[in-house]
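Q: fold the following and give me the result.
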Amino acid sequence: MNISELKFHFKSSLKGVFPSEEVQSFFDILSAKYLNLTRLEIALNPKIQISDENQNRFKEAIARLEKEEPIQYIIGESEFYGMIFKVNNSTLIPRPETEELVEWIISENNYEDRNIPILKILDIGTGSGCIAISLAKNLMNSEITAVDISEDALKVAQENARKNNVEVNFLQMNILESDIFSYSTRTFEDKYDIIVSNPPYVRELEKSEMHPNVLNYEPETALFVKDDEPLLFYKTISALAKNSLKQNGKLYFEINEQYGRELLEFLKGEGFINIEIRKDIYGKDRMVKSNMG
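A: Residues are numbered from 1 along each chain as shown. Here you go, the predicted structure:
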């Protein structure tokens, strides 16, 4: 089978499952990953022969795509902030909105003076490590700790840190534990310049609005909160921040668009100042920053 025949088979198999533009995108991604061929190279060389092994890889990918498994899980990686991150069903697939949060943090804290003190940062609910690693890669003199409840997610995050040549201190813990401050580590005794979190914020009742490729494959514990406690993680993390941020330290959140104003009022009541809500590329309230008063 040559590449042209493979492409025809691929598109025919997924016709009606996805829009044609998306099928083409999937084929381009898989061709780059499995065959090391660009779209242009394929167009210029339609008779390139495909080995049996690679034909089988495409057949397996087709079967998984037919079940609406995300392409990122099929190839085992996702691009985020100009870097490649390993992902699997223990981690969320990094979103463009989270890149915007990272960009906000970097733009406000990227000091060029090498004599500034170390910038201490805590990332809560790190998942694949995309936020922590991106900050470590781009913020001079930063020292970053990242925590998550999932041991499997932390294994992925540690591998991503190695692949991207940065140092991050990863720790496993459940921030909702009532005895969080009695942890043997000094994580929450330290004083941080920045605390950032993209915690679970999708309400259970919103499941009906979500696509199967998210519901059936991405980890529920990283996505959902109970309907009656939509701000659970934000309130817990804010309490930690009050004890662990330096004076005028910064707290950054990614948020559910429906609870931006409610979170703003909560943070104001907790004594945080300079509270700002920002919209994402889709015009939805998606990020909040505040300072320790």
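Q: shouldn't Ile71 be in contact with Leu65?
A: Yes. Contact criterion C-beta atoms under 8 Å: Ile71 and Leu65 qualify, at 7.1 Å. C-beta: built from backbone N, CA, C; applies to glycine.
Q: among the two, which residue is more densely surrounded?
A: Using other C-beta atoms under 10 Å, the more surrounded residue of Ile71 and Leu65 is Leu65, with 22 against 18.
Q: in stretch 33-47, what's buried?
A: Within stretch 33-47, the residues that count as buried by 16 or more other C-beta atoms under 10 Å are Lys33, Tyr34, Leu35, Leu37, Ile42.
Q: what lies in contact with it?
A: Under the criterion C-beta atoms under 8 Å, 6 or more residues apart in numbering, residues 2-4, 7, 28, 31-32, 48, 50, 54, 57-58, 75 lie in contact with stretch 33-47.
Q: which neighbours do Ile71 and Leu65 have in common?
A: When contacts are counted by C-beta under 8 Å, 6+ apart, Ile71 and Leu65 are jointly contacted by Phe26.
Q: ok, back up a step: let's see which of the buried residues of stretch 33-47 end up in helices.
A: Those of these mapping onto helices are Ile42, per DSSP state H.
Q: ok, of the buried residues of stretch 33-47, which one's closest to Asn141?
A: Nearest to Asn141 among those: Lys33, at 35.6 Å, using C-beta to C-beta.
Q: per-residue pLDDT, the closest residue to Leu119 other than its chain neighbours?
A: Closest residue to Leu119 apart from its sequence neighbours, by C-beta to C-beta, 6 or more residues apart in numbering: Ser142 at 4.5 Å. Reading off the confidence values, Ser142 has pLDDT 95.
Q: in this structure Ser142 contacts Pro117, no?
A: No. At 10.8 Å, Ser142 does not count as touching Pro117 under the criterion of C-beta under 8 Å.
Q: residues near Glu5, how many?
A: 14.
Q: so for the helix or strand hosting it, mean pLDDT?
A: Per DSSP states H and E: Glu5 is located in helix 3-14. Averaging pLDDT along helix 3-14 yields 97.
Q: list the helices and strands it packs on?
A: helix 20-30, helix 52-66 (3 or more C-beta pairs under 8 Å, 6 or more residues apart in numbering; DSSP states H and E).
Q: quick one on the thing from earlier: now a ChimeraX select for only the buried ones of the contacts of stretch 33-47.
A: Selection of the buried residues among the contacts of stretch 33-47 in ChimeraX, burial being defined by 16+ other C-beta under 10 Å:
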select :3,7,31,50,54,57,58,75
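Q: ok, now which ones touch Phe80?
A: If you count contacts by C-beta under 8 Å, 6+ apart, then Phe80 has Pro94, Thr98, Glu99, Ser128, Cys130, Ser134 around it.
Q: how much space separates it from Phe253?
A: According to C-beta to C-beta, to the nearest Å, Phe80 and Phe253 sit 18 Å apart.
Q: how about Val156?
A: 23 Å.
Q: next, format the contacts of stretch 33-47 as JSON lines and append distance to Asp123.
A: Shown next, in JSON lines, are the contacts of stretch 33-47 (distance: C-beta to C-beta, whole Å):
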{"residue": "Asn2", "distance to Asp123": "47"}
{"residue": "Ile3", "distance to Asp123": "42"}
{"residue": "Ser4", "distance to Asp123": "46"}
{"residue": "Lys7", "distance to Asp123": "41"}
{"residue": "Asp28", "distance to Asp123": "32"}
{"residue": "Ser31", "distance to Asp123": "34"}
{"residue": "Ala32", "distance to Asp123": "30"}
{"residue": "Ile48", "distance to Asp123": "43"}
{"residue": "Ile50", "distance to Asp123": "42"}
{"residue": "Asn54", "distance to Asp123": "38"}
{"residue": "Arg57", "distance to Asp123": "34"}
{"residue": "Phe58", "distance to Asp123": "37"}
{"residue": "Ile75", "distance to Asp123": "25"}
